[in-house]
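Peer 1: Sequence unavailable; structure follows:
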C-alpha cells in the first residue's frame with residue numbers, strides 16, 4: 001500500500017517537475033513511510049513519484065517507480081494484486097522472466113504480454129500509472145471496486161494525478177474551489193464521486209482506465225470492468241455453500257503479506273466471520289484488534305470476546321475515551337483528505353493497529369452492502385409506492401416540517417434516482433441547505449439532481465436497488481474513502497475480503513428472493529456460516545460500529561458552541577443540537593462547512 005503522484009505533458013520542458021513531484025510525495029508521506037522514489041524523463045514527457053509502505057517483498061527490490069528490463073515500461077503503483085502469484089505462474093509459462101517477488105513487477109509483465117486487457121485480470125485493490133514507451137501512452141488505472149483512490153486533473157494537454165486531493169495543490173495548477181462541494185456535503189455527508197472540493201479535480205471512476213497520448217496530449221476514458229445484477233442462482237443451499245467457499249478463498253488471498261497482519265474485530269457479523277476464517281489460516285499467528293469505550297451502552301466487548309475465544313491467536317483491546325476524542329480531534333480532521341461526516345472511529349482503530357506493530361489489517365467492510373444489512377433494504381419497497389401515490393406537490397411540502405427525518409421526504413420529488421438515496425441517507429433537506437448557504441432551493445435541486453448515476457438503476461428494484469445505492473454511494477464515497485485516508489494517516493493498509501471480485505461476481509447473480517429473504521438482515525450470509533458463527537453474534541439487534549458522538553460532540557465546545565458559527569441558521573441548528581433535537585452527524589457536517597467559510 002502506497003501513495004502515488006505524477007505529471008504528464010507533451011512539452012517535456014518543465015525543469016521544476018522534480019521539485020513538484022517531491023512536494024506531492026511529501027504531502028502524502030504518511031501513506032508511504034518506508035521509502036520514496038521519483039523518476040522522470042522530460043524528453044518523453046512524464047514524471048512519476050512514489051511513497052512506499054512495504055507489504056510484499058520488503059527488500060529494496062520493491063522500490064518504485066519500477067521499470068522492466070528494457071526500461072520501456074514504467075509504473076508507480078498503490079495497492080495489492082491478490083492473484084499476482086497465479087498470474088506470475090501463467091506468465092512464466094509463456095517465457096517471461098521475473099527479478100523480484102513483488103506484485104508490481106507482475107503488473108508490468110502482465111501488461112507487456114496482454115496489453116490493456118491485463119487490467120481486467122488483476123484481482124485486488126489498486127491504482128497505478130503505467131507509461132509505455134512503445135506507443136507513447138500513459139495509463140491511469142483504478143480497481144474494479146474503487147477501493148484505492150486516484151485523482152486527476154487535465155488542463156491544456158497536461159495531466160496531473162495523485163492519491164490525495166491535497167497533493168494536487170502542489171502541482172502549480174491554478175485550482176479553484178468547487179462552489180458546489182458544500183451542497184454535496186450537506187446533502188450526502190460526503191462529496192460524491194467524481195467530484196472533489198477542487199474544481200477540475202476528479203476521481204477516476206472505478207473499473208476504468210484513462211489513456212494519455214504523449215504525442216498530442218489527448219485523453220480518453222475506458223471501462224474495463226463492470227458488475228451486473230442477474231437473477232441466475234435461485235438455490236439457497238447452493239448459494240450458501242458457494243459463498244462459504246468463495247469467502248474462504250478471499251480471506252486466504254487477503255492474508256498474503258510479508259509484513260505483520262491482523263483483523264479488526266468489532267463483534268458484528270461481518271468482522272466475526274472474517275476473524276474466524278482468518279483463524280483457519282493464521283492459527284496462533286493471528287492478531288485481532290477491538291476498540292471499546294467507557295460508555296457501557298456502546299460496548300461490544302462481550303461479543304468480541306465470544307469470537308476471540310474461538311481463535312488461537314492474540315486478541316488486543318483498546319479503550320477510547322472522551323479525552324482521547326478531544327486530544328486527537330485536530331489531528332483526525334487534518335487526516336481527512338476530503339471533508340467527511342464519519343471516519344473518526346476508523347482513525348482510532350487504525351491508530352491502535354499501528355501501535356500494535358501491524359502494517360496490514362483485514363476489515364469486514366462490504367458485508368452489509370452485499371447481503372442487506374441496512375434498514376434501506378427493507379425501506380426500499382415503500383419508496384416506489386410513496387412516489388406513485390403521493391403527488392410531488394405534497395412531497396415537497398415536507399421541507400417545511402420541523403424534524404429532519406421528515407424533511408427528507410422532499411427528495412422523493414426528484415426525477416433522478418439520487419433523490420431516493422438522499423431520502424434514505426441524506427442529511428439536510430434542500431430548503432435547509434439553501435438557507436445555510438444563501439442559495440435558492442432551485443439551485444440546490446439542480447446541483448443534486450445532476451449527480452451522475454448509472455443507467456443500470458433503471459432496471460433494478462427492491463434489494464438489488466438498495467444494494468446499488470449502498471455500494472456505489474455510501475460505501476464508495478464514505479466508508480472506503482474514510483478507511484483509506486484514516487488508515488494511510490497511520491501508515492496502515494486495510495484489506496476488505498468481502499469486496500473480492502470473485503465473491504462479488506457470484507453474489508450479484510443470486511436472485512433477490514434468496515439474497516434478501518426478509519426474515520432477518522443478512523440471513524443468507526449467516527446461513528452460509530451457521531456452523532462456525534456463534535448464535536449470540538447473529539441473533540441480536542444490529543448496533544454497528546459507532547462512538548457516543550451525540551454526547552461527545554455536545555460536550556466539545558469547538559463543535560457545539562453556536563458562537564463559533566457566523567451563519568444565523570447554523571447557530572439555530574447548533575442550539576437545537578445542544579437541546580438534543582439534532583443528530584450529531586448533522587452537527588458535524590455544519591462544523592466542516594463552517595471551517596471552510
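Peer 2: Arrived safely, thanks for sending. Since the model is a prediction, treat every value here as computed from it, not as a measurement.
Peer 1: low pLDDT regions in the stretch 301-450 of the chain?
Peer 2: Within the stretch 301-450 of the chain, the set of residues satisfying pLDDT under 70 is empty.
Peer 1: And the strands in it?
Peer 2: Remark: strands assigned in the stretch 301-450 of the chain by DSSP state E, counting those that start in this stretch are 314-320, 360-362.
Peer 1: got CSV for those strands, with distance to residue 157 and mean neighbour count too?
Peer 2: From N, CA and C alone the C-beta is placed, and that goes for glycine too. Formatted as CSV, the strands of the stretch 301-450 of the chain follow (distance: least, Cβ to Cβ, whole Å; neighbours: other Cβ atoms under 10 Å):
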stretch, distance to residue 157, mean neighbour count
strand 314-320, 49, 17
strand 360-362, 39, 25
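Peer 1: Would you work out how far apart the start and end of stretch 112-126 are?
Peer 2: The first and last residues of stretch 112-126 sit 18 Å apart, counting by Cα to Cα, to the nearest Å.
Peer 1: Stretch 288-305 too?
Peer 2: Stretch 288-305 end-to-end distance (Cα to Cα) = 11 Å.
Peer 1: Pull the number of nearby residues for residue 352.
Peer 2: As a burial measure, residue 352 scores 22 neighbours (other Cβ atoms under 10 Å).
Peer 1: helices or strands up against the helix or strand hosting residue 107?
Peer 2: According to DSSP states H and E, residue 107 maps onto helix 103-114. Contact analysis of helix 103-114 by 3 or more Cβ pairs under 8 Å, 6 or more residues apart in numbering; DSSP states H and E lists strand 66-67, strand 73-81, helix 84-93, strand 124-132 as its packing neighbours.
Peer 1: For these, give me a markdown table that also has mean pLDDT, mean neighbour count and distance to residue 590.
Peer 2: Below are those laid out as a markdown table (pLDDT from 0 to 100; neighbours: other Cβ atoms under 10 Å; distance: least, Cβ to Cβ, whole Å):
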| stretch | mean pLDDT | mean neighbour count | distance to residue 590 |
| --- | --- | --- | --- |
| strand 66-67 | 96 | 20 | 45 |
| strand 73-81 | 96 | 26 | 33 |
| helix 84-93 | 97 | 16 | 45 |
| strand 124-132 | 98 | 25 | 32 |
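Peer 1: Residue 257 against residue 360, yeah?
Peer 2: Yes - using Cβ atoms under 8 Å, residue 257 is in contact with residue 360, at 5.0 Å.
Peer 1: okay if I get the helices and strands packed on helix 103-114 as a markdown table plus distance to residue 45?
Peer 2: Converted to a markdown table, the helices and strands packed on helix 103-114 look like this (distance: least, Cβ to Cβ, whole Å):
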| stretch | distance to residue 45 |
| --- | --- |
| strand 66-67 | 16 |
| strand 73-81 | 12 |
| helix 84-93 | 29 |
| strand 124-132 | 9 |
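Peer 1: Looking at those, which is nearest to residue 422?
Peer 2: Residue 422 lies closest to strand 124-132 among the helices and strands packed on helix 103-114, at 27.9 Å (Cβ to Cβ).
Peer 1: how distant is that closest one from the center of its chain?
Peer 2: On the basis of Cα atoms, centre = their mean, to the nearest Å, strand 124-132 sits 17 Å off its chain's mean C-alpha point.
Peer 1: Check stretch 106-113 too.
Peer 2: Its chain's C-alpha centre lies 26 Å from the corresponding centre of stretch 106-113 when counted by Cα atoms, centre = their mean.
Peer 1: Contacts for it, please.
Peer 2: If you take Cβ atoms under 8 Å, 6 or more residues apart in numbering as the criterion, stretch 106-113 is touched by 66-68, 73, 75, 77, 81, 84, 87-88, 91, 94, 96, 98, 118, 121-122, 126, 128, 130, 132.
Peer 1: Which positions in it come out as buried?
Peer 2: 106, 107, 108, 109, 110, 111, 112 (16 or more other Cβ atoms under 10 Å).
Peer 1: which one of the residues you listed is nearest residue 486?
Peer 2: Residue 486 has its nearest neighbour among those in residue 107, at 26.2 Å by Cβ to Cβ.
Peer 1: if I look at the closest one, how far off is residue 527?
Peer 2: According to Cβ to Cβ, to the nearest Å, residue 107 stands 38 Å off from residue 527.
Peer 1: Same question for residue 501.
Peer 2: From residue 501 over to residue 527 the distance is 23 Å, taken as Cβ to Cβ.
Peer 1: now do residue 214
Peer 2: Taken as Cβ to Cβ, the span from residue 214 to residue 527 is 54 Å.
Peer 1: residues in contact with the host helix or strand of residue 514?
Peer 2: Taking DSSP H and E as the criterion, residue 514 maps to helix 512-515. Identification of contacts with helix 512-515 by Cβ under 8 Å, 6+ apart yields 231, 233-236, 239, 371-372, 462-464, 507, 524.
Peer 1: try 10 Å this time
Peer 2: Here helix 512-515 makes contact (Cβ atoms under 10 Å, 6 or more residues apart in numbering) with 229, 231, 233-240, 243, 370-372, 377, 460-467, 507-509, 518, 522-525, 527.
Peer 1: Please check these and keep the buried ones.
Peer 2: Buried members of those, counted by 16+ other Cβ under 10 Å: 229, 233, 236, 239-240, 243, 370-372, 377, 460, 462-467, 507-509, 522-525, 527.
Peer 1: Residue 421 contacts residue 476, correct?
Peer 2: No - between residue 421 and residue 476 there is no contact under Cβ atoms under 10 Å: 11.6 Å.
Peer 1: Need the residues touching each of those two.
Peer 2: Common contacts of residue 421 and residue 476 (Cβ under 10 Å, 6+ apart): 192, 470.
Peer 1: Who has more neighbours out of these two?
Peer 2: Each of residue 421 and residue 476 has its neighbours counted (other Cβ under 10 Å); residue 421 has more, 28 against 20.
Peer 1: could you list every residue that touches the more buried one?
Peer 2: With contact taken as Cβ under 10 Å, 6+ apart, residue 421 is in contact with 187-188, 192, 376, 383, 411, 414, 451, 453, 457, 465-466, 468-470, 472-474.
Peer 1: how about the most centrally placed residue in the chain, what does it touch?
Peer 2: What sits nearest the mean C-alpha location of the chain, by Cα atoms, centre = their mean, is residue 480, with 1.6 Å. Applying Cβ under 10 Å, 6+ apart to residue 480 gives the contacts 125, 145-149, 206, 365-366, 471, 474, 494, 496, 499.
Peer 1: So residue 161 belongs to a strand, correct?
Peer 2: Yes - with DSSP: H, G, I helix; E, B strand; the rest coil as the criterion, residue 161 is assigned to a strand.
Peer 1: Can you pull the domain assignment for the protein?
Peer 2: Following automatic domain parsing, one gets these domains for the chain: 2-223, 236-372+463-546, 548-597.
Peer 1: can you put those domains in JSON lines and add distance to residue 400?
Peer 2: Below are the domains of the chain laid out as JSON lines (distance: least, Cβ to Cβ, whole Å):
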{"stretch": "domain 2-223", "distance to residue 400": "18"}
{"stretch": "domain 236-372+463-546", "distance to residue 400": "25"}
{"stretch": "domain 548-597", "distance to residue 400": "15"}
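Peer 1: any idea whether the residue lying farthest from the centre of the chain is helix, strand or coil?
Peer 2: The C-alpha centroid of the chain is most remote from residue 95, which lies 37.3 Å away (Cα atoms, centre = their mean). Three-state call for residue 95 (three-state DSSP): coil.
Peer 1: rewinding a little: out of the strands of the stretch 301-450 of the chain, which is closest to residue 555?
Peer 2: Of all these, strand 314-320 sits nearest to residue 555, with 14.7 Å by Cβ to Cβ.
Peer 1: still on that earlier bit, among the helices and strands packed on helix 103-114, which is nearest residue 8?
Peer 2: strand 124-132 (8.2 Å).
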